[in-house]
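**Student:** Fold the stuff below for me.
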Amino acid sequence: MSNDAPKRVVITGMGLVSPVGNDVQSTWDNLLAGVSGGGPITHFDATEEFACRIGCEVKGFDPLDYLDKREVKRHDRVSQFAVAAAAQALAQAGLEGVPDGGDPERFGVIFGSGIGGIGTFEEQHRRLIEKGPNRVSPFFIPMFIPDISAGLISIRWGLRGPNYATVSACASSAHAIGDAMRHIRHGDADVMVAGGAEATITPMTYAGFSSMKALSTRNDDPAGASRPFSADRDGFVMGEGGGAVILESLEHAEARGATILGEVVGYGLSADAFHITAPPPSGYGAQHAMRMAMKYAKASASDVDYVNAHGTSTMADAIETEAIKQVLGDRAREIVVGSTKSMTGHLLGAAGALEAIVSLMVCRTGKIPPTINFSTADPDCDLEYAHGGMIEREVGLALTNSFGFGGHNVCLALRGWA
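**Tutor:** Next up, the predicted model:
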């Protein structure tokens, strides 16, 4: 690790596969328009035995746009999303791998997933039970393990620097981006591909989350089921997809003439040390993560213009609202707090990457997506959530929150680039 002064870390590429678009621009356009990605499940036969039969599925995605036929068969859907998002981000950054004369050991990957290849796990378990152990695929383990997306991206583009996966439930890809920023900031790498992917619209996942009473059961209204901060919210809606950003040291980006999109200026992380799934009523862990990100960014409450909330459409929305008020004080009532999960659903381990990209787009455009599906005011959720539609205003500093089962909290601070 270098002993030089910490480096500034900029974003030069972005990639997305989401329930409302298979790239950044289409996703962004649909978010601004308030388009819901919700619908009945099509990935499996969700009979009436399933309490929840709705989700925010990725639509029209063709993995053959990014992988050959053999690779598609050997990559779980989660890794297909990961490679697609990384390919888009690298293309925008003008990096189709390590450039001539570059050092591959200075290019790394951190890619998170909360669950990994659960679709492959379920399929191979059925094969074990029905046909015996000798019929389990030799690709089962590398298709299932959560770190394989980071490995596949590294192999595909010859990136030999820091390489690992972050697995912290719904905070996974936010941890990946924050960790990648730190590796560059402290001299371990010049360029990092960071983000996450998730593909959990499967029978076992739905059975598990339904048993926890975590999912919305508004099956007759899939487009309106995810309703963060509304008093009648009844659980989150499962989403899927992947997101990736290219992070570079400022000096590296400038030296190669890259177009700079924004800057990661803060990273806060903490643990609730409270409960396996529920946050503490005061949201002290979320508060600490937000304060840490702001301190890292050398920012005060008056500098914050937008918060992309974790906002899952569960009762924890009120706890996050209280945490934001405690951290930002009076400023909390002057800014917009939004939840794009109202449209994308909850991408679990990929949510942090998608929402970091959304936050950067807000900084770049001055347009804030709405939080749709509001119907009933909750006195404990009393901030401006853009329920009435897209809001236009200048945004200098954005915070984006990601919280995961196990009490993991992450906050990233981002700025646009003039």
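**Student:** Spell out the secondary structure type for Gly331.
**Tutor:** Actually, residue 331 is Arg. It isn't Gly. Here Arg331 is recorded as helix under DSSP: H, G, I helix; E, B strand; the rest coil.
**Student:** The residue nearest to it when sequence neighbours are not counted - how many residues pack around it?
**Tutor:** In space, and not counting its chain neighbours, Arg331 is closest to Ala301: 4.2 Å by C-beta to C-beta, 6 or more residues apart in numbering. For every residue, glycine as well, the C-beta is placed using N, CA and C. Other residues lying near Ala301 total 16 when counted by other C-beta atoms under 10 Å.
**Student:** From Leu399, how far out is Ala301?
**Tutor:** Per C-beta to C-beta, to the nearest Å, Ala301 is found 11 Å from Leu399.
**Student:** Find residues that contact each of the two.
**Tutor:** Met294 (C-beta atoms under 8 Å, 6 or more residues apart in numbering).
**Student:** so who does the closest residue to Phe139 other than its chain neighbours touch?
**Tutor:** Once flanking residues are discounted, Phe139 sits nearest to Arg74: 5.2 Å by C-beta to C-beta, 6+ apart. Neighbour list for Arg74: 139, 142-143 [criterion: C-beta under 8 Å, 6+ apart].
**Student:** Mind giving me the PyMOL command for buried ones among the residues you listed?
**Tutor:** Buried residues within these, by 16 or more other C-beta atoms under 10 Å, are selected in PyMOL with:
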select buried, resi 142+143
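**Student:** Tell me where the model's unsure across the chain.
**Tutor:** Scanning the chain for pLDDT under 70 picks out 1-3.
**Student:** for it, what spans make up the helices?
**Tutor:** With DSSP state H as the definition, the chain shows helices at residue ranges 24-32, 69-74, 77-93, 118-131, 140-144, 148-157, 172-185, 203-211, 250-255, 284-296, 316-328, 341-344, 351-365.
**Student:** so of the ones you listed, which one's packed in deepest?
**Tutor:** helix 341-344 (a mean of 30; mean count of other C-beta atoms under 10 Å).
**Student:** how far does that one sit from the chain's center?
**Tutor:** On the basis of C-alpha atoms, centre = their mean, to the nearest Å, helix 341-344 sits 12 Å off its chain's mean C-alpha point.
**Student:** Can you give the contact residues for that helix?
**Tutor:** Here helix 341-344 has contacts from 18-20, 30-31, 34-37, 56, 226-228, 236-237, 239, 241, 310-313, 351, 354, 369-373, using C-beta under 8 Å, 6+ apart.
**Student:** follow-up on the earlier one: which one of the helices of the chain lies closest to Gly102?
**Tutor:** helix 250-255 (9.4 Å; C-beta to C-beta).
**Student:** can I see the domain layout of the chain?
**Tutor:** Domain assignment for the chain by automatic domain parsing gives 9-255, 267-416.
**Student:** export those to JSON lines and tack on distance to Leu261?
**Tutor:** Formatted as JSON lines, the domains of the chain follow (distance: least, C-beta to C-beta, whole Å):
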{"stretch": "domain 9-255", "distance to Leu261": "5"}
{"stretch": "domain 267-416", "distance to Leu261": "6"}
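**Student:** what's the nearest residue to Phe44 if we skip its chain neighbours?
**Tutor:** Excluding the flanking residues, the one nearest Phe44 by C-beta to C-beta, 6+ apart is Pro203, at 5.2 Å.
**Student:** From what I see, the one you found and Phe121 are in contact.
**Tutor:** No: counting by C-beta atoms under 8 Å, Pro203 stays clear of Phe121, with 11.3 Å between them.
**Student:** Tell me who's in contact with the closest residue in space to Tyr206 that isn't next to it in sequence.
**Tutor:** For Tyr206, ignoring the flanking residues on the chain, the nearest one in space by C-beta to C-beta, 6+ apart is Phe50 at 5.6 Å. Residues near Phe50 by C-beta under 8 Å, 6+ apart: 203, 206-207, 210.
**Student:** Determine which two of those residues are furthest apart.
**Tutor:** Pro203 and Ser210 (10.3 Å).
**Student:** Kindly tell me how buried the nearest residue to Ala413 once chain neighbours are set aside is, as a neighbour count.
**Tutor:** By the measure of C-beta to C-beta, 6+ apart, the closest residue to Ala413 outside its immediate chain neighbours is Gly266, 2.9 Å from it. For Gly266, the count of nearby residues is 23 (other C-beta under 10 Å).
**Student:** Okay, Gly266 and Arg393: tell me how far apart.
**Tutor:** Computed as C-beta to C-beta, the Gly266 to Arg393 distance reads 21 Å.
**Student:** quick one: Glu49 from Gly38, how far?
**Tutor:** Taken as C-beta to C-beta, the span from Glu49 to Gly38 is 21 Å.
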